[in-house]
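>>> Let me see the structure of the following:
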Amino acid sequence: MAAITMEEIGILEDRTEKLETVLGDSTNSTTSIVKNLEDLNAKIDKMLGRHPKTQALLKRLDELNNYTDPNFIMRYDPSKFIQESYVVDSYSRLQNASQNLKKIEELKDVVNPQNLKNVPELEKRLGPVTLKSLELHDSSEAVYGEVNEMLSKYNEIINTLSDQFVHWDTLLREAEEYFREE
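Below you'll find the model as predicted:
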């Protein structure tokens with residue numbers, strides 16, 4: 001470290017005096033800027049000294065600065081760091097893939113070529129059956145429509161007959177009452 005010369009000290013004193021004229025009263029020597037800064041620094045130190053969490057933080061400030069430094073990560077091999085991070089992040093995905101592979105191994109015997117060799121022949125036989133099924137579906141819809149229409153007509157007839165029977169019953173009662181009175 002280089003020694004501070006008297007010329008540099010004079011420059012600092014001049015700058016301090018200019019700062020005091022801008023920020024404070026230069027005629028009052030008891031309240032100089034340097035004194036104000038010392039008081040402020042003492043108050044901050046006193047305030048920080050009261051809180052144990054800030055004390056612990058200040059003790060580890062250099063360590064925190066090291067961790068936030070971009071060169072900290074680069075001191076280690078970044079490719080290994082990235083690979084480890086990828087493997088850790090992929091753990092659940094790899095575990096699911098392993099379970100799915102076990103299920104495939106268990107179900108391999110269910111789907112084998114012996115069971116599937118007759119599929120083309122069965123597809124040929126299934127075609128006409130599918131067409132017949134579609135025809136039956138269409139005809140059943142037509143029958144459903146006709147049955148629905150017949151049932152609605154039947155209900156209309158039953159309702160008309162019920163109304164007619166009620167009307168006849170009313171006429172009979174009136175007639176019976178008329179003959180009773182005579």
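>>> Give me the pLDDT for V147.
Reported pLDDT at V147 in the predicted model: 91.
>>> And E156, by the same measure?
E156 is given a pLDDT of 94.
>>> burial count for it?
If you count neighbours by other CB atoms under 10 Å, E156 ends up with 10. (Glycine included, C-beta is placed from N, CA and C.)
>>> any idea of the mean pLDDT in stretch 173-182?
88.
>>> can you dump the C-alpha coordinates of that stretch into PDB?
Only the C-alpha atoms of stretch 173-182 are listed here, as PDB (Å, rounded to 0.1, in the frame of the first residue of the first chain):
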ATOM      1  CA  ARG A 173    -125.300 -39.300 -11.200                       C
ATOM      2  CA  GLU A 174    -127.400 -36.300 -12.300                       C
ATOM      3  CA  ALA A 175    -130.000 -38.700 -13.800                       C
ATOM      4  CA  GLU A 176    -130.000 -40.800 -10.600                       C
ATOM      5  CA  GLU A 177    -130.500 -37.700  -8.400                       C
ATOM      6  CA  TYR A 178    -133.300 -36.500 -10.700                       C
ATOM      7  CA  PHE A 179    -135.200 -39.800 -10.400                       C
ATOM      8  CA  ARG A 180    -134.700 -40.000  -6.600                       C
ATOM      9  CA  GLU A 181    -136.200 -36.600  -6.100                       C
ATOM     10  CA  GLU A 182    -139.400 -37.600  -7.900                       C
END
